[in-house]
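Student: Generate a structure from the sequence data that follows.
(chains A, B, C and D)
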2 protein chains.
Amino acid sequence: MRPREFDHDDVLRIAFDQFWRKGVRGTSLSDIARDAGVQRGSLYNAFGSKEALFLLAYERYAGDYLVALQKALGAGSLRKRLTTFFDLTITNFRSGSPPRGCPTTRGLMELGAAEGEGLDEDARRAFANLVSRITALVEEALSAGAERGEFSGNPAAAALHIITVTRGLAVLERAFGDEPQLRKIAAHAIDLVLGKGVR
Amino acid sequence: MRPREFDHDDVLRIAFDQFWRKGVRGTSLSDIARDAGVQRGSLYNAFGSKEALFLLAYERYAGDYLVALQKALGAGSLRKRLTTFFDLTITNFRSGSPPRGCPTTRGLMELGAAEGEGLDEDARRAFANLVSRITALVEEALSAGAERGEFSGNPAAAALHIITVTRGLAVLERAFGDEPQLRKIAAHAIDLVLGKGVR
DNA sequence: GGCGTATTTGACACCATGTCAAAAACATGC
DNA sequence: GCATGTTTTTGACATGGTGTCAAATACGCC
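Tutor: As a prediction, the model looks like this:
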């Protein structure tokens, strides 16, 4: 058989960069093909469709991101962990120039109907899956903190609250692009969940 | 001059319904034209572009929505006001079948770059404007509540926190579509901001 | 009733996704 | 070393989107 003339992973990396900057619907396969130095048809041959290509590229991003968060949430006092967690989250939203925002939140809001059909539904599942996994990590940290007396409350409810705040931050980032404001909101959220007293 | 053959407001209403259900990029002017019984060209003549049409339709929605929220935030105890506020917010996200989500949040995340050019920037301003106005309403309610001893804390910071949660709820709605969960998160947020004691 | 002006209409240019058949390039067996 | 077979590449095509334009049209107004 004839060997492929391009590197599978290179294309995924290049494609996700574009998807991140311009959104799925705002990125054309021609853009990606040009950037990757590949014929558009080859992309269809290799990946099937734009959505399938996006899904692969996104899974790669989600995996890397989850590992980074896991590290952030695994060391230090609970307050320290949450601070690092929010810091990483906001830094991720504000990375790139101009800042690229949160690809997961963007993807979720770009979906068609909530009960969509076909590949849209696969994408929704992928986005929701990352959100769920992050929630689980946060809840774990809170539970551990509770055992050490750093937190009193319902870990599951608090984790859900924190996740909701991170999704809200992703939205406010697009609305105002005011990074100091985002960080203030994050600090306030930590204070609310942990109690305002310094520990 | 020749009179217009369609009603300006009818088209805005029909258009926004589609934009809400399918997003700006997911809705074609052909769709709107068909639904409204108007030639596509007439829409371009009357509104200039899809984005301009969307902007007009959105302003109409935003105005109505703001009035409704104002009413929700203007009566009863602070806890009651916030409860009604979240209730209205979630009900709005979950309206329609299938539920249509939050048009403002969706619009914000659909934007190109944060420092976009042209009409994208106009749209961003419109979305951000609604968010700002809602924040102001919430802050007002909190300040009033503070004077009556129903709340102790920084009204501005708390309002920003609450707004962040509502934006996060809009995102989780798309991810999971779990309305009871959304309502639990909202109740938890109110407890956090107001203090968990029943009042 | 005719004129002017704004709206309507259909053709067009351009770019997007996705499909397909023909051409090309290597791996393999002989 | 060379023919064969399979996969990738390539370019043409169908379809549908946005946006522009000139010609046709229909009404208000004089």
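Student: Tell me if the helix or strand where A:Phe54 lies is near DNA strand D.
Tutor: A:Phe54 is located in helix A:50-72, with elements delineated by DSSP states H and E. No: judged by C-beta under 7 Å from any atom of the strand, helix A:50-72 and DNA strand D are separated, with a smallest distance of 13.0 Å. To be clear about C-beta, it is placed using only N, CA and C from the backbone, and glycine gets the same treatment.
Student: send the alpha carbons of that helix over as CSV?
Tutor: C-alpha atoms of helix A:50-72 as CSV (Å, rounded to 0.1, in the frame of the first residue of the first chain):
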residue,chain,number,x,y,z
LYS,A,50,-14.4,17.6,10.2
GLU,A,51,-16.3,16.6,13.3
ALA,A,52,-14.4,13.3,13.5
LEU,A,53,-11.1,15.1,13.1
PHE,A,54,-12.2,17.5,15.8
LEU,A,55,-13.2,14.8,18.1
LEU,A,56,-9.8,13.1,17.8
ALA,A,57,-7.9,16.4,18.3
TYR,A,58,-10.1,17.2,21.3
GLU,A,59,-9.6,13.9,23.0
ARG,A,60,-5.9,14.5,22.8
TYR,A,61,-6.2,18.0,24.4
ALA,A,62,-8.6,16.7,27.1
GLY,A,63,-6.2,13.9,28.1
ASP,A,64,-3.3,16.3,28.5
TYR,A,65,-5.4,18.9,30.3
LEU,A,66,-6.8,16.4,32.8
VAL,A,67,-3.3,15.2,33.7
ALA,A,68,-2.2,18.7,34.4
LEU,A,69,-5.2,19.3,36.6
GLN,A,70,-4.7,16.1,38.4
LYS,A,71,-1.2,17.3,39.4
ALA,A,72,-2.6,20.7,40.5
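Student: ok, A:Phe6 - contacts?
Tutor: The contact partners of A:Phe6, by C-beta atoms under 8 Å, 6 or more residues apart in numbering or on different chains, come to A:36-38, A:42.
Student: Specify the local secondary structure of it.
Tutor: The three-state label given to A:Phe6 by DSSP: H, G, I helix; E, B strand; the rest coil is coil.
Student: how near is it to DNA strand C?
Tutor: A:Phe6 sits 13 Å away from DNA strand C, taking C-beta to the nearest atom of the strand, to the nearest Å as the criterion.
Student: And for A:Phe85?
Tutor: A:Phe85 sits at a distance of 35 Å from DNA strand C (criterion: C-beta to the nearest atom of the strand).
Student: cool, A:Thr27 as well?
Tutor: The value you get for A:Thr27 to DNA strand C, if C-beta to the nearest atom of the strand is used, is 7 Å.
Student: cool, A:Thr104 as well?
Tutor: Distance from A:Thr104 to DNA strand C, by C-beta to the nearest atom of the strand: 21 Å.
Student: Is that residue in contact with A:Leu130, as I believe?
Tutor: Yes: using C-beta atoms under 8 Å as the test, A:Thr104 is close enough to A:Leu130 to be in contact (5.5 Å).
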